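> Dropping a prediction and its sequence here:
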Amino acid sequence: MLRRITLHQLRLFAALARTMNMTRAAEQLHMTPSAFSIQIKQLADSFGVALHEQVGKKLFLTEAGRAVAVAAREMVERLDLLGMEIADMQGLERGTLRVAMITTARYFATRLIGDFCRAHTNITFELEVVNRDQILHRMRENLDDLYIMGLVPEELDVVAFPVAENPLVVIAPSDHPLCGEKRIAPQRLAQEPFILREAGSGTRQAIERFFERHGVSPPVRMSLGSDETIKQVVAAGLGLTALSRHVLALDAASGRLSELDVQGFPIARQWYVAHLRAKKLSPPARAFLEMLKEKRDNAPAD
């Protein structure tokens, strides 16, 4: 028979499973790591089995830990949702909104998140900025309420809404010979080295499809997981890139980078906000989703 298990312990373990980091989980719940660790140990003792293990600096859940994490997440989420629904009935605002977004989305989404937080000061906003593989993992594990991404996964049962334009453009250092030329043929890019996002990213997939359609195979000099690093490498003259125009806009003042006028560009893409179809959205999640839709509908036309 299980010894007494508290909701508090389950909440702590759900946070540990979400962050996979003892110190970070403790910080999120405003606890000291030692106090957090004691509660996690007591929970494991109640089950009579190890729930996690440390290998080097990385934390891993055991098979039992993964089962407890799923149950803890479901119970905590349902109780949190109940509390938010009751508060919503009373005309109050409270609760936590968890959002994960692709790294490139921060160029447009952080301003919207700021608007939401200023309008809903009693809602705690937890944000994870991750790459595509990580956001897909988070979706599969149901770790967040909403996800902001450029390419919605077909293999998961999700509901997605377009919330902003995400045009993909070719970017070069400002002193590149192609700068200033008009209607550059895609074939002109065949001999230009490219610096691209990592394999599997939505941006990388879009540019590879473009190259394939036009029978162009430029050499890929580097694959990098950071838009900021790619901008630095391109500015240093090591190649061209294709990134969201949002990325270039923040660097316009420096004059180091320029958008090339390539036929077929910009590639029209969208930013989406998505959630698992089976997810029952909390009042904060519904409010954030509605704000994004309203901003989209009121955005000025190009």
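Everything's here; your move. These numbers come from a predicted model, not from an experiment. Residues are numbered from 1 along each chain as shown.
> Kindly provide the distance from residue 267 to residue 294.
Look at residue 267 and residue 294: by C-beta to C-beta, to the nearest Å, they are 26 Å apart. In this view, the C-beta of every residue, glycine as well, is placed from N, C-alpha and C.
> Next: residue 194.
According to C-beta to C-beta, residue 194 stands 38 Å off from residue 294.
> Neighbour count: these two, which is higher?
residue 194 (21 against 11; other C-beta atoms under 10 Å).
> Residues in a beta bridge with that one, which ones?
On the basis of DSSP bridges, residue 194 is bridged to residue 220, residue 240.
> Which residue ranges of this structure form helices?
For the chain, applying DSSP state H gives helices covering 7-19, 22-28, 33-47, 63-89, 106-119, 132-140, 202-213, 227-235, 245-249, 283-297.
> burial of residue 215, as a residue count?
Neighbours of residue 215 using other C-beta under 10 Å come to 9.
> how near is the closest residue to it other than its chain neighbours to residue 181?
Distances taken as C-beta to C-beta, 6 or more residues apart in numbering put residue 187 closest to residue 215, at 7.8 Å, once the chain neighbours are dropped. Per C-beta to C-beta, residue 187 is found 13 Å from residue 181.
> OK, contacts around the residue nearest to residue 215?
By C-beta atoms under 8 Å, 6 or more residues apart in numbering, the residues touching residue 187 are 214, 215, 216.
> Export those to a markdown table and append columns for distance to residue 81 and pLDDT.
Compiled in a markdown table, the contacts of residue 187 are given as follows (distance: C-beta to C-beta, whole Å; pLDDT from 0 to 100):
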| residue | distance to residue 81 | pLDDT |
| --- | --- | --- |
| 214 | 49 | 92 |
| 215 | 52 | 91 |
| 216 | 50 | 89 |
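> so where's the stretch 1-150 of the chain uncertain?
Filtered on pLDDT under 70, the stretch 1-150 of the chain yields the residue ranges 1-3, 89-92.
> What number of residues are in the vicinity of residue 140?
12.
> mind listing what it touches?
So residue 140 contacts residue 156 (C-beta under 8 Å, 6+ apart).
> can you start the count at 596 instead of 1 from here on
Done: numbering now begins at 596, and the last item shifts to residue 735.
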